[in-house]
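> A structural model of the following input is requested.
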Amino acid sequence: MSSLQEQLASRFEQDLSDLIEFLRIPSVSALREHRADMHRAAEWLAAAMRRVGLENVQVIETPGHPIVYADWIRDANKPTALIYGHYDVQPVDPLDLWESPPFEPEVRQGRIYARGASDDKGQVMVHLAALGALLACYGELPVNVRVLIEGEEEVGSPSLEPFLQERPDLVSADFVVISDTSMFAPGLPTLCTGLRGIAAVELHVTTAATDLHSGLYGGAAPNALQVLAQLIAASKDDQGRVAVPGFYDRVIEPTPRERQAYAALPFNEKELLERLELGGWDGEPGYTPFERMTVRPTFEVNGMWGGFLGEGSKTVIPREAHAKITCRLVAGQDPEEVVRLLTAHFQRLCPPYARVEVTPGHGARPWKADLEHPALQAAIRALQRTFGKDVALAPTGGSIPVVESFDRLLRVPCVLMGFADPDSNAHAPNERFSVETFRVAREAVALFWQEAARDGLKS
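Coordinates of the predicted model:
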């Protein structure tokens, strides 16, 4: 590795400069006013792929935001890997909580602060930097690669699955590699071994034809906000379990061996409580806080609104009320079935003087890694050699819908090799990425490709 390490060292400042330039583009996929920025980010990324030596670079239009594709495929006898990432980022609100402007990257105390620094631009650039160093050092790659970077991950990837179905020629691979997750602890190399799925709905309650005067009609007219609150309160019991009938029927419980492995992870409950400024944990009894956050299903209210929200007082009885709800799902659960269960639950509980409507949102199935697959074993060896530590094998409570799509449509294993710190503030103000981790992760990924080539991973 010495010559490769020298190559990586010589390229580090330029790699970091490239990341900073990428982070300056406000590629917020959820906001219409940033549509031109999304195209600008896609074109920037395509140019970066060409600079590192990738071939067949394309910016592919979709009904939403563009997909950026490139490859380096030279030897049919070598395994082919599909590298996935995303260049879109979350909105920056609340802006006043940022210590520096979210699209003016700033390095402070060894971290680079910007929206997208860890999720996912920093991790995308780790892969491009590793590929560039390998090509510069050897003139070739140990394996064939396809690189697919989309622009809609933060809005549920609506264009990606149709793309996977329509362009099998661009996504066929022996395994998929994704860096869009976190390390379990700072500096601790981590492979994500499971993801929760998700079922999202909006709940709408209506009562009268219009808002009503609370003095003239109060005490007799139903209040939509009150009905909404009752429906939501009836969806969890006082022990923290979801009270939707049938919700747990298909849940596959973690095995005793898995629970033993979770207990061995360096999870510090007290430290996390203090960092989050929480007074204690909530949730399902019989499971540790870590298990509740990773391998147990949930029912969460993400937002509620209705009635008068302006300054001062307005004495009305609201005619309508709304809520956004998401359920994180675990092995055995299906998002479409969970939406049906939620709909039946709310309709059954809705009083006769109100009307309830449930609008489905995005959904994704849960996923578990195949820990015995050679690709994961190659990743473990590469991470151990680079970081000098045993690798944490840990599930995460989040959802990456595309992982399940790859698993279901391509039928190949996925390697989730994440490099974000656990306190990276992804989706929150002051998002950051460790500069040292960026440096080391480039070497880990480069070594991974060499390990993967030695394992002969062709399917």
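> can you pull the pLDDT of residue 449?
pLDDT for residue 449: 97.
> Look up the closest residue to it, ignoring the ones flanking it.
residue 142 (4.7 Å; Cβ to Cβ, 6 or more residues apart in numbering). For glycine as for every other residue, the C-beta is placed from the backbone atoms N, C-alpha and C.
> Repeat that for residue 353.
Nearest one to residue 353, counting by Cβ to Cβ, 6+ apart, is residue 222 at 4.6 Å.
> Check residue 437 too.
residue 419 (5.4 Å).
> Contact partners for that neighbour?
118, 122, 123, 126, 179, 182, 183, 437, 438, 441, 444 (Cβ atoms under 8 Å, 6 or more residues apart in numbering).
> hmm, 6 Å instead?
123, 179, 437, 441 (Cβ atoms under 6 Å, 6 or more residues apart in numbering).
> Over to residue 100?
106, 113.
> hey, where'd the helices end up in the chain?
2-23, 35-52, 121-138, 160-166, 168-171, 214-217, 224-233, 256-264, 269-276, 289-294, 335-349, 374-387, 401-405, 435-455 (DSSP state H).
> Residue 315: which of those is closest?
helix 214-217 (4.3 Å; Cβ to Cβ).
> what's in contact with the closest one?
315, 317.
> Only C-alpha atoms, please: export it in PDB.
Provided in PDB are the C-alpha atoms of helix 214-217 (Å, rounded to 0.1, in the frame of the first residue of the first chain):
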ATOM      1  CA  SER A 214     -66.300  29.200  20.200                       C
ATOM      2  CA  GLY A 215     -68.700  31.300  22.100                       C
ATOM      3  CA  LEU A 216     -71.700  30.600  20.000                       C
ATOM      4  CA  TYR A 217     -71.000  26.900  19.400                       C
END
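> Quick check: mean pLDDT of that helix?
Here the average pLDDT along helix 214-217 is 95.
> cool, and stretch 192-200?
Averaged across stretch 192-200, pLDDT comes to 94.
> Let me see the residues that make contact with that stretch.
Counting by Cβ under 6 Å, 6+ apart, 181, 326-330, 335, 338-339, 361-369, 393, 395-397, 399-400, 403, 416, 418 sit against stretch 192-200.
> want to try TSV for the helices of the chain, with mean neighbour count as columns?
Below are the helices of the chain laid out as TSV (neighbours: other Cβ atoms under 10 Å):
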stretch	mean neighbour count
helix 2-23	16
helix 35-52	18
helix 121-138	24
helix 160-166	16
helix 168-171	14
helix 214-217	12
helix 224-233	19
helix 256-264	13
helix 269-276	11
helix 289-294	20
helix 335-349	17
helix 374-387	20
helix 401-405	23
helix 435-455	21
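> Among those, which one carries the weakest average confidence?
Going by mean pLDDT, the lowest-scoring of the helices of the chain is helix 401-405, which has a mean of 85.
> coming back round to it: how near is the residue nearest to residue 437 to residue 45?
Residue 419 sits 18 Å away from residue 45, going by Cβ to Cβ, to the nearest Å.
> now swap in residue 70 and tell me
In terms of Cβ to Cβ, residue 70 sits 9 Å off from residue 45.
> Next: residue 122.
Counting by Cβ to Cβ - residue 122 and residue 45 are separated by 13 Å.
> The spatially closest residue to residue 83 that is not a sequence neighbour - how many residues pack around it?
For residue 83, ignoring the flanking residues on the chain, the nearest one in space by Cβ to Cβ, 6+ apart is residue 147 at 4.7 Å. Neighbour count for residue 147, taken as other Cβ atoms under 10 Å: 25.
> The one 5 residues further on too?
As a burial measure, residue 152 scores 23 neighbours (other Cβ under 10 Å).
> Per-residue pLDDT of the residue sitting nearest the centre point of the chain, please?
When the chain is reduced to its mean C-alpha position, the nearest residue by Cα atoms, centre = their mean turns out to be residue 400, at 4.5 Å. Reading off the confidence values, residue 400 has pLDDT 81.
> Tell me if I'm right that residue 46 and residue 58 touch.
No: judged on Cβ atoms under 6 Å, residue 46 makes no contact with residue 58 at a distance of 7.4 Å.
> got a pLDDT number for the residue nearest to residue 437?
pLDDT, residue 419: 97.
> What distance do you get for it to residue 369?
Using Cβ to Cβ, residue 419 is found at 17 Å from residue 369.
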